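1. Please work out how this folds:
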Amino acid sequence: MLTSQKKSSSNLEEGKAKFDSIASAGCLSALMSDCQLLLVKSCRPVGEKFSWDSARSIGLPFWLRSQKELVSIAEEIAQTIYKDTRNVMDCALYYIAMRNMKKLKAIAATDRSESGKKFFKFISDHDFSSDRGRNSAEKNAYSLLRKRKYASAASFFLLAEPPMIKSAVDVIRLQLNDTPLAFFVARLIENAMKS
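-> Got it, this is the predicted structure:
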C-alpha cells in the first residue's frame, strides 16, 4: 500500500510508517477507512508537525474526510513553514485558504522583512469585500504572476471576497505543478465558505 523508503522492522516496531508516496489503492483504502484519525496519527512525522511535503506524500487532501482535522493539519503546515522560513508570504496561502485572517495579520505583524511589512500594510489597509480591495488583490496577484511568485499570486487571488478560487487553483496546479496542493486549498476554501 505504501511505497517504503526503508524496509526495516524498526519502522514497524516504532509504529510509524516511512514512505515517499502512497499508492492510489492505499489512498482509496484510507478514504474508506473508519479509523482515519489513527491513520493520520500513524503517518505523522515522528515528534514533528506535518509539513506540506509529508502531507502530500501520503495523499492527505484526497482521503481525509474530517474537515476539522484537515483545517488542523493546514494550521500545522502553515506554522511549520513560518517556523522554518520566518517569511509570512511562505505560509500566507494556508492561512488565507482557511480564512484565518486574524492569525495571518498577527504573523505578518511579527515579520520584519520588507515584504512582510508591505504585506501587513496591504492586508490591514484593504477591505477585500469592496471593489477597491478586490481589484487591488487581483492586480497584485497578476503582478506576482509576472514575477513568477506563484504561491504568493495564488494567495492574493484568494484574498478577494468572494475568493477567485479558479484562478488560484489554476496557478497552483499549472504553475506550481502541485495538484494535491490545489485540491487541499480548494477543500479548505470550501470548508471556510460553509462556516
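2. in the protein, which spans are strands?
-> 2-4, 19-22 (DSSP state E).
3. Any idea which of those strands has the lowest pLDDT on average?
-> Among the strands of the chain, strand 2-4 carries the lowest mean pLDDT, at a mean of 45.
4. So what's the residue count around the spatially closest residue to K103 that is not a sequence neighbour?
-> Of all residues not flanking K103 in the chain, Y95 sits nearest, at 5.7 Å (Cβ to Cβ, 6 or more residues apart in numbering). Where you see a C-beta, it was placed from the backbone N, CA and C, and this is true even at glycine. Other residues near Y95 number 26, with proximity taken as other Cβ atoms under 10 Å.
5. for K41, same thing?
-> Using other Cβ under 10 Å: K41 sits among 11 other residues.
6. go on, I172?
-> Around I172 there are 25 other residues, counting by other Cβ under 10 Å.
7. okay, it: pLDDT?
-> 97.
8. Does it touch V185 like I think?
-> Yes. I172 is within contact range of V185, at 6.3 Å (criterion: Cβ atoms under 8 Å).
9. what do these two both touch?
-> A154 (Cβ atoms under 8 Å, 6 or more residues apart in numbering).
10. For the residue nearest to K103, give me its contacts.
-> Going by Cβ under 8 Å, 6+ apart, the list of residues near Y95 reads 78, 101, 103-104, 107.
11. Which one (most neighbours) among those residues?
-> A78 (26 neighbours).
12. tell me the pLDDT at it?
-> Per the predicted model, pLDDT is 96 at A78.
13. 4 is where my numbering starts, stick with that
-> Happy to do that; since the first residue is 4 now, the last one works out to A81.
14. Can you give me the neighbour number for E193?
-> 12.
15. State the distance from it to E164.
-> 15 Å (Cβ to Cβ, to the nearest Å).
16. go on, Y85?
-> Counting by Cβ to Cβ, the gap from Y85 to E164 is 24 Å.
17. before we move on, what about N90?
-> Applying Cβ to Cβ to N90 and E164 gives a distance of 25 Å.
18. In terms of neighbours, single out the busier of the two.
-> Counting neighbours by other Cβ under 10 Å for N90 and for E164 shows that N90 has the greater number, 16 against 13.
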